[in-house]
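Student: Compute the structure for the input listed below.
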Amino acid sequence: MMGWIAQVAPQVPYPPPLPPLLGLIMGLWVIVLIVLVILPFWKIFSKAGFPGWLSLTAIVPPIFIIMIFYLAFAEWPALTKKDTEQPQELS
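Tutor: Got it, this is the predicted structure:
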């Protein structure tokens, strides 16, 4: 039954192998994109008073979406610290 499909279908390897240089370029491009996302979010998390390493969640998109919502709606430690500080009296 399946014999005729093997005779009709072309015998090519699927998927065709990528040239090594193209694989290297694609790998470097992925690293550049990861760095371009992680560095700004590291700074944002740090300024908000959260640990900067939370920006590493950008590597896993579903977790990062949850982290963005957490960042948007959580109480920022940096702001609560400013609110609790007493203003110094001017002499």
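Student: quick one: low-confidence ranges for the chain?
Tutor: Along the chain, the parts satisfying pLDDT under 70 run over 1-14, 82-91.
Student: ok, now which ones touch the residue most central in space within it?
Tutor: Nearest to the mean C-alpha position of the chain, counting by C-alpha atoms, centre = their mean, stands Ala58 at 2.1 Å. Ala58 makes contact with Ile34, Val37, Ile38, Phe41, Phe64, according to C-beta atoms under 8 Å, 6 or more residues apart in numbering. Any C-beta I mention is one placed from the backbone N, CA and C, and that applies to glycine too.
Student: wait, doesn't the fourth one sit right on Trp53?
Tutor: So that's Phe41. No. With contacts counted by C-beta atoms under 8 Å, Phe41 stays clear of Trp53, the gap being 10.4 Å.
Student: So which of these two has more stuff around it?
Tutor: With neighbours defined as other C-beta atoms under 10 Å, Phe41 and Trp53 compare such that Phe41 has more, 19 against 11.
Student: Nearest spatial neighbour of the more buried one, chain-adjacent residues omitted?
Tutor: Nearest residue to Phe41, sequence neighbours excluded (C-beta to C-beta, 6 or more residues apart in numbering): Ser55, at 3.7 Å.
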